[in-house]
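A.B. asks: Sharing a model that was predicted from the sequence below.
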Amino acid sequence: MRISQLTVALVLLTLLLGGPLAAAPRPAAAQEGACFAETGFCIRGRFLDYWQQNGGLARNGFPLSDERQELLEDGNTYTMQYFERVRLEYHPENPAPYDVLLGQFGRRILLEEYVVARENYPFAVAPVAAQPGQTFFPATGHNISPSSSITGRPTAGWRSSAIRSPRSAGTRS
């Protein structure tokens, strides 16, 4: 009988003291991603892949948030994460590696300011249609004239150095 009381006492003592003393499991983000004591946030999954392949800390900075859902200007909700110098957006409708895109802060900031003082930003409103003598881009709703209105110099050089869209570039072997 004395042994059974001792056994019960030891089991109870282990349960009472062992629970709080046991190490808590590490969060999944710490196990699967990169965490930074400087901000207390982690990067994981596709955002971590993009971050590492596109400049890491030097270019993108530390994470300033966890992944979160936000409604963007196009009316859709996306998973995104904020960093010191970028906002990464996850677009599952795009094939990798184009499923992680940079957020367009400039457009959002300009739109907010433009609503307040439109007369200061006449270039912000895209023409409704292509303008004669200019190259029109339907994807952005902007025209480019043959010469810059600022410098007066020809702008045709952009054609030879323009970044090709992954959707229009075709496949390469």
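C.D. replies: That came through fine.
A.B. asks: Per the annotation, how does this structure divide into domains?
C.D. replies: Annotated domains of the chain cover 28-107, 126-157 [automatic domain parsing].
A.B. asks: mind putting these in TSV, mean neighbour count and mean pLDDT included?
C.D. replies: Heads up, the C-betas are built off the backbone N, CA and C, glycines and all. Formatted as TSV, the domains of the chain follow (neighbours: other C-beta atoms under 10 Å; pLDDT from 0 to 100):
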stretch	mean neighbour count	mean pLDDT
domain 28-107	15	90
domain 126-157	11	69
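A.B. asks: which is the next helix or strand following the longest strand seen in the chain?
C.D. replies: If each strand of the chain is counted by residues according to DSSP state E, the longest one is strand 77-82. Using DSSP states H and E, the helix or strand that follows strand 77-82 in sequence is strand 87-90.
A.B. asks: hmm, who's touching that next one?
C.D. replies: Defining contact as C-beta atoms under 8 Å, 6 or more residues apart in numbering, one finds that strand 87-90 is touched by 46-47, 50-51, 60, 67, 72, 78-81, 99-103, 105.
A.B. asks: before we move on, what about stretch 55-65?
C.D. replies: Here stretch 55-65 has contacts from 36, 38-39, 41-43, 51, 54, 81-86, 88, using C-beta under 8 Å, 6+ apart.
A.B. asks: which residues in the protein form helices?
C.D. replies: 2-21, 28-32, 45-53, 56-60, 105-116, 157-161 (DSSP state H).
A.B. asks: before we move on, back to that, check the contacts of stretch 55-65 and tell me the two furthest apart.
C.D. replies: 38 and 54 (19.8 Å; C-beta to C-beta).
A.B. asks: The longest strand of the chain: partners in the sheet, and parallel or antiparallel?
C.D. replies: Here strand 77-82 is paired, per DSSP bridges, with strand 68-71 (antiparallel), strand 87-90 (antiparallel).
A.B. asks: what does it contact?
C.D. replies: By C-beta under 8 Å, 6+ apart, strand 77-82 touches 43, 47, 63-72, 87-91, 103.
A.B. asks: now the angle between helix 45-53 and it, please.
C.D. replies: 40 degrees (axes from the mean of the first three to the mean of the last three C-alpha atoms, to 10 degrees).
A.B. asks: In CSV, list the C-alpha atoms belonging to strand 77-82.
C.D. replies: Presented in CSV, the C-alpha positions along strand 77-82 are these (Å, rounded to 0.1, in the frame of the first residue of the first chain):
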residue,chain,number,x,y,z
THR,A,77,-7.8,39.5,-51.7
TYR,A,78,-4.2,38.3,-51.6
THR,A,79,-1.7,36.9,-49.1
MET,A,80,1.1,39.4,-48.6
GLN,A,81,3.9,40.2,-46.2
TYR,A,82,5.6,43.6,-45.6
